[in-house]
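*Asks:* how would this look folded up:
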Amino acid sequence: MKKLTDLRFIIGVFFSLCGLILLLCYFFSTQDNHPAMNLYAGGLMFLFGLVMLLLFYKGDVENA
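*Replies:* Alright, predicted model coming up:
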């Protein structure tokens with residue numbers, strides 16, 4: 001239950017999932033002229049989500 005009250009975990013999961021969806025849309029798009037914005041935005045969102053999850057787990061270990 002502590003995970004659901006820590007914003008680092010919630011933000012990390014949200015941005016990781018949104019970034020992953022954008023990356024998958026970019027790579028599995030059948031159009032030839034798909035915008036590269038999905039690649040850049042998805043990559044940055046996924047990276048930010050992973051950083052937030054890393055901060056959550058690092059802070060969780062220090063507080064234990």
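*Asks:* residue boundaries of the strands in the protein?
*Replies:* For the chain, applying DSSP state E gives no strands.
*Asks:* got any ranges where it has weak pLDDT?
*Replies:* 1, 34, 60-64 (pLDDT under 70).
*Asks:* residue contacts, the residue nearest in space to the middle of the chain?
*Replies:* In the chain, the residue lying closest to the centroid (C-alpha atoms, centre = their mean) is Ser16, at 1.6 Å. With contacts defined as C-beta atoms under 8 Å, 6 or more residues apart in numbering, Ser16 is in contact with Met45, Phe46, Gly49, Leu50, Leu53. All C-beta spots, glycine's among them, are computed from the backbone N, C-alpha and C.
*Asks:* give the contact list for the nearest residue to the last one once chain neighbours are set aside.
*Replies:* Okay, so that is Leu53. Nearest residue to Leu53, sequence neighbours excluded (C-beta to C-beta, 6 or more residues apart in numbering): Gly12, at 3.6 Å. Shown in contact with Gly12 (C-beta under 8 Å, 6+ apart): Gly49, Leu50, Val51, Met52, Leu53, Leu54, Leu55, Phe56.
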